[in-house]
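Asker: Provide a 3D model corresponding to the input given below.
(2 chains)
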Amino acid sequence: MTDLIDILISASFWAAVIRIASPLILATMGELICERAGILNLGIEGIMVVGAFTGWLAVYQGMPLWGGVAVAMAAGMLFGLLHATLTIPFGLSQHVVGLGVTLLATSTSSFAYRLALPEVTSPPKIVPFQPLDVPVFSDIPFLGEVLFTQTAFTWFAFTVAVLVSLVLFRTPLGLAIRAAGENPSAVEAQGLSVTGLRMGAVIVGSGLMAMGGAFLTLSAFSSFFFEMVNGRGWICVALVVFGAWMPGKAALGAILFAAFDALQIRLQQTPLGADLPYQVFLMAPYVLSILALILMSRRAEVPAALMTAYNKGER
Amino acid sequence: MRLEPIANASLARRLGLPLAALGATVIVAGVLALIAGANPFAVLGQIVTGAVGSKFALLETLNRATPLIFTGLAVAVAFKAKLWNIGAEAQLYAGAIIAVLMGTGAMESPIVLPVSALLAMAAGALVLLGPVLLKTRLGVDEVVTTLLLNFIMLLFVSYLLEGPMKDPMGMGWPKSEPLIKDARLPRIVEGLRLHWGFALALIAAVVVYIIERRTTFGFEMRAVGSNLGAARFAGIPVNRVLVQTALLSGGLAALAGWSEVAGLKGHLSQDLSPGFGYTGIIVAMLALLNPIGVVGTAIFVAGIFVGSDAMSRAAVVPTYIADMLLASALLFMVLALLLTRVRVVRG
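Answerer: Model prediction:
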């Protein structure tokens, strides 16, 4: 028990929570935009892998870190375009296409990694984003260490969450995107293109997912591993449901989730960790995600046209 | 653009488009070979020879197809009822665990084989029962729950293999004790490396076909999948049908793991399945969810994997080309099949 309290009052724990939440927030915002427009994007897991790989490779080849982020975003948008084309104008099953995109994106990354680095045995490292010491603020006890020693990429992730919320709920564009996911015929009646809105949402959303993946290689770790995304994409799909399709709540969900993740890592070092097999701790994130889905099942208001293809002129 | 249904699609359209999808996949293979700096024709040739070029290669392909037939069937029955079971991987490992539990001394007579097969199916069914009940009772989406269960199950297997199921003679490797002889599936023909699991998979395909086409349950399953509202209106107990479908699907997926342990490997290790559960989705989709078709597509998909493994040993092309080809084939095929039913018009 004292171990638990020691962990919860340590600044390094809360700093880790913010760090772990960052990639989840980016990818969750990406999925949220897609689903608000009516498209379930199960390509998320693979698109995160692509982002992690391409961002890392670009920096490894000599690009600046933000250049790597841009490359990751572009690569993610490309796979987003593929997903969007097949599910929106062609109206193909969003489940099947999403899983297909995940498989294609993951295997393309592995294939390209092997081609680019045929000889290496241990994954090469890059110099990742460094903690940004905000003068004066970082000297504040506790809060300074938690908030003002994060990397610029983390600040970026949290800014994206605020922007997504503003655009979706405070602009005409956001209203149109949400309407495309609730009542596409009404959008068409306004003279707007459902196809255009949905495609844009999926492409931009996929770019955010890929940046979430790039966070793993460019800020959290410094190399690329095949298994590094490890279900985070699926967890983000669960976080969107947990957040009831609201950016703020979904971001809070990501932070809560990150807190449990940071906690399980630290609990492994305590006497409790010696008593329980380590796999129990590693299971926690997945079990929590399922519990979150159960908890929110009755309350969430699903976008009415989620997973419904829209074919102009069809009644 | 807009999609317009075609009333009576010509035979040329219905056959030509799927063939074009396959052709496009072959072109992707050639382009990938070129990117990797190899001769595309040589690479394609090596994949085909590696898959079916010799008796050894062919048997290897059929062995690899065995778990894929089971997981392909599992996905096919579930998807037919629009139950999105993406958790065949977890159900597969449930079956594998039972094969070890029953096969390492719990029973010592030939009866252990059918008993452990039935228990494996029950275990796989149980793994999918949770997500389907959450779906029917609480409306929790089964895609995410079944996906997340895959990760939980892999960690559980890792725990078993490092703890209670660890082979004390395993030199420290996380693997289970070997199965006793009575618990092993024999080879179909002595001297040929193909076990009875393959025959069992063929039987399973026929049984699933009969269930689907010749029983009331099969009819209800298809009705639920094709139009949920209409099925409910017609008085079909939708939730019960979904639960029964899940039990069948989970049981079939479990047989994949059970037959890999009892037939091929003889023990359980963490690398038992290189994603057979996920690949089952491709197998089922390429077969248009037809159980008999699953046998053919499973052998085709297994051939691509076995052929690519053999090819990448000789050429500079990474073996991940197999997954890329299958993902491309899947996406090309769903698009081609759509275009057999609709045409794209402007406006």
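
Asker: residues in contact with stretch B:69-77: which ones?
Answerer: Contacts to stretch B:69-77, defined as C-beta atoms under 8 Å, 6 or more residues apart in numbering or on different chains, come from residues B:85, B:88, B:91-92, B:198, B:201-202, B:204-205, B:208, B:212, B:221, B:245, B:248-253, B:255-256, B:259, B:276-277, B:279-281, B:283-285, B:287, B:289-291, B:294-295, B:297-298. Placement of C-beta: from N, CA and C, glycine included.

Asker: which ones among the residues you listed map onto helices?
Answerer: B:88, B:91-92, B:198, B:201-202, B:204-205, B:208, B:212, B:221, B:245, B:248-253, B:255-256, B:259, B:276-277, B:279-281, B:283-285, B:291, B:294-295, B:297-298 (DSSP state H).

Asker: enumerate the residues of the stretch 1-150 of chain B near chain A.
Answerer: Of all the residues in the stretch 1-150 of chain B, those in contact range of chain A (C-beta under 8 Å from any C-beta of the partner chain) are B:1-3, B:32, B:35-36, B:84, B:86, B:134, B:138-141, B:143-145, B:147-150.

Asker: again, only using 7 Å
Answerer: Contact residues (C-beta under 7 Å from any C-beta of the partner chain) of the stretch 1-150 of chain B with chain A: B:1-3, B:36, B:84, B:86, B:134, B:138-140, B:143-145, B:147-148.

Asker: out of those, which are buried?
Answerer: Judged by neighbour count, with 16 or more other C-beta atoms under 10 Å in any protein chain shown as the criterion, the buried members of the residues of the stretch 1-150 of chain B next to chain A are B:3, B:36, B:84, B:86, B:134, B:140, B:143-145, B:147-148.

Asker: got the residues of chain A near chain B?
Answerer: So far as C-beta under 7 Å from any C-beta goes, chain A lies against chain B at A:42, A:86, A:89-93, A:95-97, A:99-100, A:103-104, A:107-108, A:110-111, A:114-115, A:231, A:234, A:237-238, A:277, A:279, A:282-283, A:286-287, A:289-290, A:293-294, A:297-298, A:311-313.

Asker: just these: which are in helices?
Answerer: A:86, A:95-97, A:99-100, A:103-104, A:107-108, A:110-111, A:114-115, A:234, A:237-238, A:279, A:282-283, A:286-287, A:289-290, A:293-294.

Asker: can you select the buried ones from these in ChimeraX?
Answerer: Restricted to buried positions by 16+ other C-beta under 10 Å, the ChimeraX selection for those reads:
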select /A:86,95,96,97,99,100,103,104,107,108,110,111,114,115,234,237,238,279,282,283,286,287,289,290,293
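
Asker: tell me which other helices or strands the top helix by length along chain A touches.
Answerer: Of all the segments of type helix in chain A, defined by DSSP H, the longest one is helix A:11-36. If contacts are counted by 3 or more C-beta pairs under 7 Å, 6 or more residues apart in numbering or on different chains; DSSP states H and E, helix A:11-36 sits against helix A:44-60, helix A:143-147, helix A:152-170, helix A:172-182, helix A:194-215, helix A:232-242, helix A:247-267.

Asker: quick one: buried residues of the shortest one?
Answerer: For helix A:143-147, the buried set under the neighbour-count rule, 16+ other C-beta under 10 Å, comprises A:144-147.

Asker: so for the helix or strand hosting residue B:98, what gets flagged as buried?
Answerer: Under the criterion of DSSP states H and E, residue B:98 resides in helix B:88-103. In terms of neighbour count (16+ other C-beta under 10 Å), helix B:88-103 has its buried residues at B:88-103.

Asker: one step back: ok, which pair from the buried ones among the residues of the stretch 1-150 of chain B next to chain A is furthest apart?
Answerer: Every pair in those was compared (C-beta to C-beta); the two farthest apart turn out to be B:36 and B:134, at 44.2 Å.

Asker: distance of residue A:25 from chain B?
Answerer: 18 Å (C-beta to the nearest C-beta, to the nearest Å).

Asker: so that residue sits right up against residue A:161, yeah?
Answerer: Yes - taking contacts as C-beta atoms under 7 Å, residue A:25 lies within contact range of residue A:161: 5.3 Å.

Asker: who's more crowded, the two?
Answerer: Relative neighbour count places residue A:25 above the other of residue A:25 and residue A:161, with 29 against 23, counting by other C-beta atoms under 10 Å in any protein chain shown.

Asker: surely residue B:301 meets residue B:68?
Answerer: Yes - proximity of residue B:301 to residue B:68 meets the contact threshold set by C-beta under 7 Å, at 5.9 Å.

Asker: identify the contacts common to the two.
Answerer: With contacts taken as C-beta atoms under 7 Å, 6 or more residues apart in numbering or on different chains, residue B:301 and residue B:68 have B:279, B:283 as neighbours in common.

Asker: roughly how far is stretch B:224-241 from the heart of the chain?
Answerer: Taking C-alpha atoms, centre = their mean, to the nearest Å, one finds the center of stretch B:224-241 at 26 Å from the center of the full chain.

Asker: any buried residues in that stretch, and which?
Answerer: For stretch B:224-241, the buried set under the neighbour-count rule, 16+ other C-beta under 10 Å, comprises B:224-225, B:231, B:236, B:238, B:241.

Asker: go on, stretch A:22-32?
Answerer: If you call a residue buried by 16+ other C-beta under 10 Å, then stretch A:22-32 has these buried ones: A:22-32.

Asker: quote the end-to-end distance of stretch B:163-170.
Answerer: With C-alpha to C-alpha, to the nearest Å as the measure, the ends of stretch B:163-170 fall 12 Å from one another.

Asker: what's the average pLDDT for it?
Answerer: Average pLDDT, stretch B:163-170: 87.

Asker: where does pLDDT dip in the chain?
Answerer: This is for chain A. A:299-300, A:313-315 (pLDDT under 70).

Asker: my bad, chain B
Answerer: Judged by pLDDT under 70, chain B has its weakly predicted residues at B:347.

Asker: ranges for the strands of it?
Answerer: For chain B, the strands defined by DSSP state E cover B:2-5, B:342-345.

Asker: buried deepest among these, which one?
Answerer: Here the criterion is mean neighbour count by mean count of other C-beta atoms under 10 Å in any protein chain shown, and of the strands of chain B the winner is strand B:2-5, at a mean of 14.

Asker: contact partners for residue 81?
Answerer: Picking chain A for this. Listed by C-beta under 7 Å, 6+ apart, the contact set of residue A:81 reads residue A:203.

Asker: you answered for a different chain; I wanted chain B.
Answerer: Shown in contact with residue B:81 (C-beta under 7 Å, 6+ apart): B:221, B:224-225, B:241-242, B:245.

Asker: same question, residue A:145
Answerer: When contacts are counted by C-beta under 7 Å, 6+ apart, residue A:145 is found next to A:11, A:15.

Asker: next one: residue A:17
Answerer: A:255, A:258-259, A:262.

Asker: could you do residue A:239 as well?
Answerer: Applying C-beta under 7 Å, 6+ apart, we find residue A:239 in contact with A:24, A:28, A:250, A:253-254, A:257.

Asker: can you list those in TSV and add distance to residue B:44?
Answerer: Conversion of the contacts of residue A:239 to TSV gives the following (distance: C-beta to C-beta, whole Å):
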residue	distance to residue B:44
A:24	42
A:28	42
A:250	46
A:253	48
A:254	45
A:257	46
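
Asker: farthest pair in those?
Answerer: Largest separation among those by C-beta to C-beta: A:250 and A:257, giving 10.2 Å.
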